[in-house]
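**Q** Got a predicted structure here, sequence first:
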Amino acid sequence: MGLRINQNIDAFNSYRNLSATQGDMSRSLEKLSSGLRINRAADDAAGLAISEGLRTQIGGLKVAARNAQDGISVVQTAEGALTEVHAILQRMRDLAVQSANGSNNQASRDALQAETEQLKEELNRISSSTSFNGVKLLDGTFTSTSFQVGSDAADSIEIMIGLKVPAATPATFANTVDLENDYSGTPLTFTIDGVAVSVSRNLAGADGDTVATALQAAYDSARGGLDEDYRFDYDETANSLVVTSTSRGPGATAPVVTGGIAAGTPTATAGAASAAAPTYDAMNTAGMGIDTLDISSADGATAALNSLSTAITKVSTVRADLGAIQNRFEHTIANVNVAVENLSASESRIRDTDMAMEMTSFTRSQILSQAGTAMLAQANQSMQGVLRLLQG
């Protein structure tokens, strides 16, 4: 090999290798100090794209878990208010039982009615004032409310709070039972689609509304767990008992009614169909059908017992629905937390630094850097031999 002074190839080679080693050592230092294997797109373009997608999903799920927790808070607020509604209804029923007793004089019944009126006012106040973050919960407006419980737009839970009212105008079966202006007290017994309905108590002198209320309670008790549901109302103009189906749609087949007064098979009156979603009544006295409750008479107190029992059942149903919704939210949170855990592990495997492996790489680069520096110095010193040769 000849001796040359214009080009020091050994020094160039040492410098090139030293520069590469210094670059490796700098990248290792960056990864070790940040804890990230990917600090910029150039480190791993595909890995960066995947990990950013995972980060987006993880962030959305963490917020979704908080949203679901807010949903639980909403449900607990509503259910807590309905707990007191239940207590008030139970107290009102106790008052009705007391008023129905024959030992009471009119003054006593008036006093019981006065307390009942106050309790009705409190029910209405609870319905109108119960809210969460300024949103009313029990006034019938909290319907189709969506809670985002996932990272995607479709991941939501829709809840409604209130007394459900069917969307379509129900079929009405009119003139099923003719009533006198004041019911004569004749035993009223008939069957409607096989469900026997009877009023055993003598309601002589009672008006049509009282008879309808008594029949409603008798039917609700007799039908048990049947899906079919009918409502009994008194039509003062036609002087007849109107039976309305709350589960059959317009144009439905009429129920078969036998027995009673002027028994027969009525004709269904088709109502106007509606494609709208069900509406929800407020959890107040009107929504529960007890706004006109009057226990100032024995007959009124007896009818009130049935109405209050129905109201208590309705509130129990709403509370049961709220309990089911809360359980659903809790399971949603548990599922979201598991998803966050697994996605975080995946994101970490892609993006985070393996500290042990990277420290090994850094140590190797550090040793090579020291060796490369020494060799570069030696390569530079080799030219001194040529100079001494020229000096003779």
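**A** Thanks, I have it.

**Q** Please give me every residue in contact with residue 47.
**A** Listed by CB atoms under 8 Å, 6 or more residues apart in numbering, the contact set of residue 47 reads 37, 38, 350, 351. All C-beta atoms are positioned from the backbone trio N, CA, C, and that covers glycine.

**Q** Looking at these, which are in helices?
**A** Taking DSSP state H, the ones among the contacts of residue 47 that sit in helices are 350, 351.

**Q** all helices for the stretch 251-392 of the chain, in order.
**A** In the stretch 251-392 of the chain, the helices defined using DSSP state H, counting those that start in this stretch lie at 285-288, 298-351, 355-391.

**Q** Tell me which of those sits nearest to residue 106.
**A** Smallest distance to residue 106 across those (CB to CB): 10.4 Å, for helix 298-351.

**Q** In terms of secondary structure, what does the closest one contact?
**A** If contacts are counted by 3 or more CB pairs under 8 Å, 6 or more residues apart in numbering; DSSP states H and E, helix 298-351 sits against helix 45-100, strand 156-159, helix 208-223, helix 285-288.

**Q** what pLDDT, on average, does that helix get?
**A** For helix 298-351, the mean pLDDT works out to 92.

**Q** ok so, going back, please identify the deepest-packed of the helices of the stretch 251-392 of the chain.
**A** Greatest average neighbour count among these goes to helix 285-288 (a mean of 21), per mean count of other CB atoms under 10 Å.

**Q** Need the contact partners of that helix.
**A** Under CB under 8 Å, 6+ apart, the answer for helix 285-288 is 89, 120, 123-124, 127, 140, 162-163, 281, 291, 293, 310-311, 314-315.

**Q** Quick one, which of those residues has the minimum pLDDT?
**A** Of all these, residue 163 has the smallest pLDDT value, namely 68.

**Q** Quick one, which of the helices and strands packed on helix 298-351 gets closest to residue 358.
**A** helix 45-100 (15.2 Å).

**Q** so the closest one versus helix 298-351, what angle?
**A** When axes from the mean of the first three to the mean of the last three CA atoms, to 10 degrees is applied, the directions of helix 45-100 and helix 298-351 differ by 170 degrees.

**Q** circling back: the helices of the stretch 251-392 of the chain: which one's closest to residue 153?
**A** Closest to residue 153 of the helices of the stretch 251-392 of the chain, according to CB to CB: helix 298-351, at 15.7 Å.

**Q** And that closest one, how far out from the chain middle?
**A** Centroid separation between helix 298-351 and its chain, computed with CA atoms, centre = their mean, to the nearest Å, is 7 Å.

**Q** Report pLDDT for the most centrally placed residue in the chain.
**A** Of all residues in the chain, the one closest to the mean position by CA atoms, centre = their mean is residue 159, 4.3 Å from it. Per-residue confidence (pLDDT) for residue 159: 86.

**Q** Could you export the helices of the stretch 251-392 of the chain as CSV, including distance to residue 19?
**A** Listed next are the helices of the stretch 251-392 of the chain as CSV, based on distance: least, CB to CB, whole Å:
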stretch, distance to residue 19
helix 285-288, 81
helix 298-351, 28
helix 355-391, 9
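
**Q** what about residue 293, neighbour count?
**A** Residue 293 is flanked by 23 other residues according to other CB atoms under 10 Å.

**Q** distance of it from residue 99?
**A** 11 Å (CB to CB, to the nearest Å).

**Q** From the contacts of helix 285-288, pick the one nearest residue 43.
**A** Distance to residue 43, by CB to CB, is smallest for residue 162 among these, at 55.4 Å.

**Q** I'd say residue 109 and residue 296 touch.
**A** Yes - if you go by CB atoms under 8 Å, residue 109 and residue 296 touch, sitting 4.8 Å apart.

**Q** Who has more neighbours out of the two?
**A** More crowded of residue 109 and residue 296, by other CB under 10 Å: residue 109, with 22 against 17.

**Q** OK, contacts around that one?
**A** Here residue 109 is in contact with 99, 295, 296, 297, 298, 301 (CB under 8 Å, 6+ apart).

**Q** Of all the helices of the stretch 251-392 of the chain, which one comes closest to residue 83?
**A** Residue 83 sits nearest to helix 298-351 of all these, at 7.6 Å, using CB to CB.

**Q** so which of the helices of the stretch 251-392 of the chain gets nearest residue 80?
**A** Among the helices of the stretch 251-392 of the chain, the nearest to residue 80 by CB to CB is helix 298-351 (9.8 Å).

**Q** just checking, residue 6 is part of a helix?
**A** No - Residue 6 is assigned coil when assessed by DSSP: H, G, I helix; E, B strand; the rest coil, not a helix.

**Q** measure it to residue 148 for me?
**A** 73 Å.

**Q** neighbour count winner among those two?
**A** Comparing residue 6 with residue 148 by other CB under 10 Å, the one with more neighbours is residue 148, at 18 against 4.
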